[in-house]
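# my questions are about this predicted structure, shown below with the sequence.
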Amino acid sequence: MFGFGKLRFRGVDKIYINDQEHIDDYNTAEEIGRVRLGKLCLFYRDLGKKYYVPYDYIDRAFTRISECQPDDSPAYYYYRLILVHGDKEFANLIFNKEEEVDLIHTRLQEAHPHIQYGYIPPADGKRRHFS
C-alpha cells in the first residue's frame, strides 16, 4: 500500500528511481561497507536513504582521514570516502576501516579510469564544505 519494501534510489539530481534494471544492478553489486559497486552505478546508504551515482558523474574521489581524541583515551581514526563533481563534494561517506575505502578506490580505478584520485586544494585556498 505504501510501497514499503520496494527498493528506490535517490539520484544526484534528487529524483527517485525504482526501475528493475537499477534494482537488479543493486542486488548483484559488490558490497564494500555501505557502498555497492554495480555495473551501472555506485550505490550508497546515507541517513536511511539509498542513493545512486552514475560513474560518469564522479569526477574525483579521495580519502579524508579524521581523528577523534576522546578524553583520557587514545585517539582513533575514521576514514571518509569523498566523491567530487566539478568543485563540489557531493558525498562524504564514513568508514571505520581504511581497507574498505582503499578497496573502493582500487575497484573504481580498475573499472572507471576517467575518475581522478586524490585531493586537490581549491585555487582560492578555501575548503569547500560538504552540502
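It's in.

# secondary structure class for Arg107?
helix (DSSP: H, G, I helix; E, B strand; the rest coil).

# ugh, wrong one, Ile104
helix.

# kindly report the same for Tyr52.
Assigned by three-state DSSP, the conformation of Tyr52 is strand.

# how about the contacts made by it?
Phe9, Arg10, Gly11, Ile17, His22, Tyr26, Leu40, Cys41, Leu42, Phe43 (C-beta atoms under 8 Å, 6 or more residues apart in numbering). To be clear about C-beta, it is placed using only N, CA and C from the backbone, and glycine gets the same treatment.

# number of residues surrounding Tyr78?
Counted by other C-beta atoms under 10 Å, the residues lying close to Tyr78 total 15.

# is it fair to say it lies in a strand?
Yes - with three-state DSSP as the criterion, Tyr78 is located in a strand.

# so where is this structure shaky, pLDDT-wise?
Residue ranges of the chain with pLDDT under 70: 1-5, 125-131.

# tell me where the chain has helices.
All helices of the chain, identified by DSSP state H, fall at 20-28, 98-111.

# to Tyr57, which of these lies closest?
Taking C-beta to C-beta, helix 98-111 is the member of those nearest to Tyr57, at 12.5 Å.

# against which helices or strands is the closest one packed?
The contact analysis (3 or more C-beta pairs under 8 Å, 6 or more residues apart in numbering; DSSP states H and E) places helix 98-111 against strand 30-32, strand 35-37, strand 60-68, strand 76-85.

# one step back: winner for burial among the helices of the chain?
helix 98-111 (a mean of 16; mean count of other C-beta atoms under 10 Å).

# what angle do strand 76-85 and that one make with each other?
Angle of helix 98-111 versus strand 76-85, following axes from the mean of the first three to the mean of the last three C-alpha atoms, to 10 degrees, is 20 degrees.
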